[in-house]
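Participant: What follows is a protein structure lacking sequence information:
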């Protein structure tokens, strides 16, 4: 398949995306409160989370691997430096994988840490690493909050008009994908002014090409 499909319903989320060797991954997530029930009959609960069209496509294919899942998905920032050590990627801060931003944030953290080490080894390493921790938190906090909201799997009905407007404009769809991929900050699209303007059908205040800053 080409592209990515992303569905959120009350109490569940479904992602369909291409992976290695021409295969397609179909992810079905539910609230962690449902883990005991899900684990008791994984296949039935998994298939029950799909709409008819996606289920039909799945039935036409062949399962290539066992079902895999977990409910251990903490959302937190850690102290990410100390004397002689520093953390990056999921070790520095962890959040639910629903939004798929982890890889982009790992690259961001690696870049920030490399810059901090370059500066700190020539001057004050402790201060440079403290600045690394502050900067990482500043650049990821908005996306972290967005992930928590999305992963709550609450009824998304109130957001349907917003996403419908985004879907109607290719440049906004691309901007949303940039946010989810981690190549653009969440606040470049999801800020109070832009959301209000979108709901009115107006223009947005955002750069033509949005990159992490």
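Facilitator: Done, it's in. Note that the coordinates shown come from a computational prediction; the quantities given were computed from them, not determined experimentally.

Participant: which residues in this protein form helices?
Facilitator: For the chain, applying DSSP state H gives helices covering 35-40, 42-48, 52-59, 102-120, 125-151, 160-167, 170-181, 192-200.

Participant: For those, could you give me CSV that also reports distance to residue 4?
Facilitator: For the C-beta atoms, the positions are set from N, CA and C on the backbone; glycine is no exception. As requested, those are exported to CSV (distance: least, CB to CB, whole Å):
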stretch, distance to residue 4
helix 35-40, 23
helix 42-48, 19
helix 52-59, 13
helix 102-120, 14
helix 125-151, 15
helix 160-167, 13
helix 170-181, 8
helix 192-200, 21
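
Participant: Out of these, which gets nearest to residue 93?
Facilitator: helix 125-151 (6.7 Å; CB to CB).

Participant: in that closest one, what counts as buried?
Facilitator: Under the neighbour-count criterion of 16 or more other CB atoms under 10 Å, helix 125-151 has 125, 128-129, 131-133, 135-136, 139-140, 142-144, 146-147, 150-151 buried.

Participant: Which neighbouring elements make contact with that helix?
Facilitator: Other elements packing on helix 125-151 under the criterion 3 or more CB pairs under 8 Å, 6 or more residues apart in numbering; DSSP states H and E are strand 81-82, strand 93-94, helix 102-120.

Participant: switch the cut-off to 6 Å
Facilitator: When contacts are defined as 3 or more CB pairs under 6 Å, 6 or more residues apart in numbering; DSSP states H and E, helix 125-151 packs onto helix 102-120.

Participant: average model confidence for the helix it packs on?
Facilitator: The pLDDT scores in helix 102-120 average 93.

Participant: so how far is that helix off the chain centroid?
Facilitator: Relative to its chain's centre, helix 102-120 lies at 19 Å (CA atoms, centre = their mean, to the nearest Å).

Participant: for stretch 110-126, same thing?
Facilitator: Between the centre of stretch 110-126 and the centre of its host chain there is 27 Å, according to CA atoms, centre = their mean.

Participant: Return the set of buried residues in that stretch.
Facilitator: Result for stretch 110-126 [16+ other CB under 10 Å]: buried residues 112-113, 116, 119-120, 125.
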